[in-house]
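**Student:** Need a 3D model of the following:
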Amino acid sequence: MSSRRDLPPPPPPAHLREWLDERVVRADRARFLADLSRRSLGLGRLALLWVLAAVFAVGWTFVSMAVMTFESGAGPERLFGAVFAVMGLAVLVPAGWCFVRGARQERRVHQLLCAWAVADRGPGADAGLRAPVRSAVWLLASLALGALGLWTAVAAASGARPGTDTVGEVAYFMGLGLILWVTALLGLAKAATHYSWSLRARPTPHPKRGRTGAPAAVHSRPANSSLAGV
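**Tutor:** Sure thing, here's the model as predicted:
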């Protein structure tokens, strides 16, 4: 996972953009948006989300084994239950920390996407940023995972039989289904957020152009940097 220092800088303030070379600002915008779009909706992010969900599932498995051990045994067997519980917490706590850290990173990436999307307009580059293929992969994969999670949880709850299925077994399958369902909701939210952002990034008439379409004269610095983030 990339650190916050690796992220592109925010766009320069509007009053400074008036003094910058328009072509350089657009070039920086196109480059940074492409990078941020890959970070946000890349297939590697989807794989990372699913790996994190798998880690949560492993931790939940250990916790469920502890509950089932406490239910079925006494004395020495409860010691194994305590070991399973500690192993479950040892997996779930770091996974939760990684999830919170990743959520903060995602929020920062989305803020930069929105800021650069409204900083200027690049009609030639913005069309490719909508990433319809990647959005469809996120959407369809999340729908399939959500259906599997919902079926797992509902089947575990409706198929439980007193005296045959223990509380720990039912809780395990319901928790596993919930993990899959929440992961799917996060994926769907990601696809919807990217679609909403792509609408804001849609090209519009440039404010510096007059009615005849000719660009207005602006003061500019040497065309080597847009001073992004100044």
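**Student:** rest of the way, CA atoms for contacts and neighbours
**Tutor:** Noted.
**Student:** so who does Trp138 touch?
**Tutor:** Leu43, Leu46, Gly187, Leu188, Lys190, Ala191 (Cα atoms under 8 Å, 6 or more residues apart in numbering).
**Student:** Kindly report the same for Val91.
**Tutor:** With Cα under 8 Å, 6+ apart, Val91 has these contacts: Val55, Phe56, Val58, Gly59.
**Student:** Worst mean pLDDT across the helices and strands of the protein, which element?
**Tutor:** Least confident helix or strand of the chain, by mean pLDDT, DSSP states H and E, is helix 123-126 with a mean of 55.
**Student:** next helix or strand past that one?
**Tutor:** helix 132-158 (DSSP states H and E).
**Student:** buried stuff in that next one?
**Tutor:** 135, 137-139, 141-143, 145-146, 148-150, 152-153, 156 (16 or more other Cα atoms under 10 Å).
**Student:** Tell me which stretches of this structure form strands.
**Tutor:** For the chain, applying DSSP state E gives no strands.
**Student:** which stretches of it aren't confidently modelled?
**Tutor:** 1-5, 14-15, 17-18, 20-21, 73-75, 120-129, 163, 165, 200-230 (pLDDT under 70).
**Student:** Work out the gap between the top helix by length along it and the centre of the chain.
**Tutor:** Looking across the chain with DSSP state H, the single longest helix is helix 76-119. Relative to its chain's centre, helix 76-119 lies at 12 Å (Cα atoms, centre = their mean, to the nearest Å).
**Student:** What of stretch 162-169?
**Tutor:** Centroid separation for stretch 162-169 versus its chain: 36 Å, with Cα atoms, centre = their mean.
**Student:** Contacts for that stretch next, please.
**Tutor:** Ser64, Met65, Val67, Met68, Glu71.
**Student:** If we use 10 Å, what do you get?
**Tutor:** With contact meaning Cα atoms under 10 Å, 6 or more residues apart in numbering, stretch 162-169 is reached by 63-72, 156, 159-160, 172, 174-175.
**Student:** Make a ChimeraX selection of the buried ones in those.
**Tutor:** Buried residues among those (16+ other Cα under 10 Å), as a ChimeraX selection:
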select :63,64,65,66,67,68,69,70,156,172,174,175
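**Student:** between the contacts of stretch 162-169, which is nearest Pro10?
**Tutor:** Nearest to Pro10 among those, counting by Cα to Cα, is Gly175 at 40.2 Å.
**Student:** Touching, the closest one and Ala53? I think so.
**Tutor:** No. The pair Gly175 / Ala53 is not scored as a contact, 11.8 Å apart, by Cα atoms under 10 Å.
**Student:** how deep is the closest residue to Tyr195 other than its chain neighbours tucked in, by neighbour count?
**Tutor:** Taking Cα to Cα, 6 or more residues apart in numbering, and ignoring the residues beside it in sequence, Tyr195 has Arg130 as its nearest neighbour in space, at 7.1 Å. A count of nearby residues for Arg130, using other Cα atoms under 10 Å, gives 20.
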